[in-house]
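Peer 1: what follows is a protein structure lacking sequence information:
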Ligand SMILES: CC(C)(COP(=O)(O)OP(=O)(O)OC[C@H]1O[C@@H](n2cnc3c(N)ncnc32)[C@H](O)[C@@H]1O)[C@@H](O)C(=O)NCCC(=O)NCCS
Ligand SMILES: Nc1ncnc2c1ncn2[C@@H]1O[C@H](COP(=O)(O)OP(=O)(O)OP(=O)(O)O)[C@@H](O)[C@H]1O
């Protein structure tokens, strides 16, 4: 069974992924894949340098992530340009990993953790979609704290994504991660019970 796991930036997708993994769910992580397709030497980096300029690459050959983040999160057209270069490769690799887990064991539950699942129109690829939700104020303060961002930097990232309330509204299942870790863990267990009894 294929589950899409999404939410907004810093709502707790990785936290929920770890809880699911401890219960035997196989995880495919789009952020990790996105990083790997831009490791030094990866062909996509050439396309990035061609479109954005060589100053977006580090001397060691990898992507200058900080610089690219500053550049794209306030500029929708530039963000779209980066997405157009990297998203096809990310999608192909997500698919490859999901299929590999399924081929390895027939009854497995695979959860693909994809922050931009709705923004990229990937709903149809998953049987059920789980949204990890916190209210935007909680999201904003956890984001600033974790990534040491200014309020302006945090807001530009938040504004680059579909509103978390909209994602909650569209979800098949919602995990509310605004309470304690224990509370989230209980919800994850309940979710798995529902998924396994289907
Ligand atoms: C811009 C980059 C270099 C910034 O790197 P940085 O290390 O600061 O952030 P990181 O990759 O850990 O992403 C953190 C979060 O930002 C959000 N985010 C990242 N890219 C985007 C984007 N193109 N649009 C909207 N939100 C995004 C996601 O919620 C993600 O979980 C990097 O995010 C990137 O390469 N983005 C393009 C690929 C992408 O879309 N990745 C996210 C989904 S697969
Ligand atoms: N229930 C909770 N209570 C308090 N803090 C939490 C809780 N869940 C997660 N956090 C913290 O909030 C931050 C965001 O969580 P996490 O990294 O899991 O989010 P994410 O959705 O995976 O983020 P991203 O989209 O950037 O990958 C982290 O610093 C995490 O430690």
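Peer 2: In hand now; what should we look at? None of these values were measured; they are calculated from a predicted model. Ligands and ions are numbered 1, 2, ... in the order given.
Peer 1: residues in the protein within reach of ligand 2, list them.
Peer 2: 7, 9-15, 31, 115, 142, 146, 177, 181, 184 (CB under 6 Å from any ligand atom). Every residue, glycine included, has its C-beta placed from N, CA and C.
Peer 1: which of the residues you listed fall in strands?
Peer 2: Judged by DSSP state E, strands contain the following of the residues of the chain next to ligand 2: residue 7.
Peer 1: out of the residues of the chain next to ligand 2, who's nearest residue 136?
Peer 2: Set against residue 136, the nearest of the residues of the chain next to ligand 2 by CB to CB is residue 11 (9.4 Å).
Peer 1: look up phi and psi at the residue nearest the centre of the chain.
Peer 2: Nearest residue to the geometric centre of the chain (CA atoms, centre = their mean): residue 115, 2.6 Å. Dihedral angles of residue 115 (phi, psi; degrees, to the nearest 10) stand at phi -60, psi -40.
Peer 1: show me what contacts it?
Peer 2: Residue 115 sits next to 6-9, 13, 30-31, 161 when contact means CB atoms under 8 Å, 6 or more residues apart in numbering.
Peer 1: return only those of those residues found close to ligand 1.
Peer 2: Restricting the contacts of residue 115 to those near ligand 1 by CB under 6 Å from any ligand atom leaves 9, 30-31, 161.
Peer 1: so does the biggest helix by length in the chain get close to ligand 1?
Peer 2: Assignment by DSSP state H gives helix 76-104 as the longest helix of the chain. Yes. Using CB under 6 Å from any ligand atom, helix 76-104 comes into contact with ligand 1 via 79, 82-83, 86, 90.
Peer 1: how about stretch 188-198: buried residues?
Peer 2: 188, 191-192, 195 (16 or more other CB atoms under 10 Å).
Peer 1: residue 2: which of the residues you listed is nearest?
Peer 2: The nearest one, if we look at the buried residues of stretch 188-198 relative to residue 2 and count by CB to CB, is residue 195, at 10.9 Å.
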